[in-house]
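**Q** When you get a sec, could you give me coordinates for this:
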Amino acid sequence: MDQRIIDLYDDFTHGALTRRAFFDRLATLVGSTAAASALLPLLQNNYALAQTVPEADPRITTETLAIPGVQGLNGYLVKPKAGGKRPAVIPGVPSKVEAISSTKAPKATPMLSETCCRALPKLVA
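**A** Numbering: from 1, shown residues only. A predicted model of the protein is given here:
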């Protein structure tokens with residue numbers, strides 16, 4: 001594949017081009033919009049085919065935990081077998097850094113209750 005096409009797609013994925021501008025330039029490079037349409041799936045990543053860590057991997061432990069404070073809410077916890085505290089990410093809950101740096105921004109609506117967030121460090125430790 002021509003390096004110019006790869007570079008063009010890289011510019012598009014990193015926000016330098018709109019989808020329309022990317023497709024127009026791609027059509028110019030390959031000769032037609034039909035060729036550009038046929039080429040587009042070859043450029044796009046398929047994250048479903050990305051390598052995953054098997055559940056039976058000896059380096060990790062897995063468990064399903066009941067989240068305290070919310071009846072019926074469970075979480076799937078995967079952590080390294082090597083002990084020690086590890087950082088955790090809670091989707092939808094802004095971090096302290098985000099809360100401090102974005103005082104004028106609208107607040108995000110957390111997905112977990114405040115009770116769950118206070119209990120989580122005990123679960124992850």
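
**Q** got the contact list for Ala21?
**A** For Ala21, the contact set (Cβ atoms under 8 Å, 6 or more residues apart in numbering) comprises Phe12. For every residue, glycine as well, the C-beta is placed using N, CA and C.

**Q** quick one: what helix or strand has it in it?
**A** Taking DSSP states H and E as the criterion, Ala21 maps to helix 19-30.

**Q** Whichever helix or strand comes after that helix: which residues count as buried?
**A** Downstream of helix 19-30, the next assigned helix or strand under DSSP H and E is helix 33-43. Buried residues in helix 33-43, counting neighbours by 16 or more other Cβ atoms under 10 Å, are found at Ala36, Leu39, Leu43.

**Q** and the residues you listed as a markdown table, adding distance to Asp10 and pLDDT?
**A** Below are these laid out as a markdown table (distance: Cβ to Cβ, whole Å; pLDDT from 0 to 100):
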| residue | distance to Asp10 | pLDDT |
| --- | --- | --- |
| Ala36 | 16 | 93 |
| Leu39 | 15 | 92 |
| Leu43 | 10 | 87 |
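
**Q** In a markdown table: these, plus distance to His14.
**A** As requested, those are exported to a markdown table (distance: Cβ to Cβ, whole Å):
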| residue | distance to His14 |
| --- | --- |
| Ala36 | 19 |
| Leu39 | 19 |
| Leu43 | 14 |
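
**Q** Nearest to Pro80 among those?
**A** Leu43 (34.8 Å; Cβ to Cβ).
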